[in-house]
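> kindly return the folded structure for what I paste below:
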Amino acid sequence: MEAAAAGARRVVGIDLRESAIKFAKAHIAETYPELAERLEFHAVHLRHYPAEVFDCILSKDTFEHIIDLDLMLAEMKRRLKPGGLIYSGFGPLYPSPYGDHDRRRMLLRHWGLLGSSLARVPWAHLVLANTLVRLNNQHEKKQARSLRDLGLNMLGFSDYERIIKNSGLRVLYFDTNRGTGASPRIFSALRKLPMLMDLCTYNAYCVLENPR
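Numbers count the residues shown, from 1 in each chain. I've put the predicted structure just below:
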């Protein structure tokens, strides 16, 4: 909606969830009908989307959930015009203090007060990963072998850095630990120590270009 309101002639939104697409269509029709002609939504994996190229791709808070991120970046690159751009922001990254994306709180609720306390302990998910999978399999219908099966790719900053470097995309902008207050400054200082880089990098923002 914001891209269309800013002047984009055509905007395509895709998501794997039918419910998200139904919501998007209904929301635009009800709230921004003047933009409806320039917006379309599809419940489809990018690799199955028809072969066409775009000026830019926007991705917010999705990279940390994509298991085969290298393959996804290749699909994105294939659908960008020469000189086309990917704008992406993503986090929290898995090794950061609360990089489990609330899985800990949801699963440890079965442990009562102890579980709620552990859910607030920074980095505890790194130690409790196997326990969380077992709890999931005891109490949830969706069985898992690891947290990857619960929608987390478990990548740290160094993994993203390597994958993006190998993607063939040119990095125009890359920044980490964006936010307000003292936390970004503290974590940005701590991540300068090599052994703390992944543990203290909790989000990343980048602009990537498809070389001409």
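
> so which strand or helix has Arg105?
helix 103-108 (DSSP states H and E).

> longest helix anywhere in the chain?
Ranked by number of residues, the top helix in the chain under DSSP state H is helix 124-139.

> got a list of contacts for that helix?
95, 98-100, 103-104, 107-108, 110, 118, 142-147, 149-150 (CB atoms under 8 Å, 6 or more residues apart in numbering). (Each C-beta comes from the backbone N, C-alpha and C, glycine too.)

> return the alpha-carbon coordinates of that helix using CSV.
The C-alpha coordinates for helix 124-139 follow below in CSV (Å, rounded to 0.1, in the frame of the first residue of the first chain):
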residue,chain,number,x,y,z
ALA,A,124,18.2,-18.9,26.8
HIS,A,125,16.8,-20.3,23.5
LEU,A,126,20.3,-21.2,22.4
VAL,A,127,20.6,-23.6,25.3
LEU,A,128,17.0,-24.7,25.3
ALA,A,129,16.6,-25.4,21.5
ASN,A,130,16.2,-29.2,21.9
THR,A,131,13.9,-28.8,24.8
LEU,A,132,11.7,-26.4,22.8
VAL,A,133,11.4,-29.0,20.0
ARG,A,134,10.5,-31.7,22.5
LEU,A,135,7.8,-29.5,24.1
ASN,A,136,6.4,-28.6,20.7
ASN,A,137,6.1,-32.3,19.8
GLN,A,138,4.4,-33.1,23.1
HIS,A,139,1.8,-30.4,22.9
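
> now do it: distance to the chain's middle.
Taking CA atoms, centre = their mean, to the nearest Å, the mean C-alpha location of helix 124-139 is offset from the chain mean by 21 Å.

> right, and the helix or strand after that helix?
Later in the chain than helix 124-139, the nearest helix or strand by DSSP H and E is helix 157-165.

> could the C-alpha coordinates of the helix or strand following that next one be exported in CSV?
Per DSSP H and E, the first helix or strand lying C-terminal to helix 157-165 is strand 170-176. The C-alpha coordinates for strand 170-176 follow below in CSV (Å, rounded to 0.1, in the frame of the first residue of the first chain):
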residue,chain,number,x,y,z
ARG,A,170,26.0,-5.7,-5.1
VAL,A,171,25.7,-4.4,-1.6
LEU,A,172,24.8,-0.7,-1.7
TYR,A,173,23.9,-0.3,2.0
PHE,A,174,24.2,-2.6,5.0
ASP,A,175,23.6,-1.6,8.6
THR,A,176,22.8,-3.5,11.8
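
> buried stuff in the helix or strand following strand 170-176?
Moving toward the C-terminus from strand 170-176, the next helix or strand (DSSP H and E) is helix 183-190. Neighbour-count burial for helix 183-190 flags Phe187, Ser188 (criterion: 16 or more other CB atoms under 10 Å).

> how about the nearest residue to the most centrally placed residue in the chain, chain neighbours excluded?
Note on the chain: the residue nearest the mean C-alpha position is Thr62, at 2.3 Å, using CA atoms, centre = their mean. Of all residues not flanking Thr62 in the chain, Phe90 sits nearest, at 6.6 Å (CB to CB, 6 or more residues apart in numbering).

> now the one you found: phi and psi?
phi -150, psi 150 (degrees, to the nearest 10).
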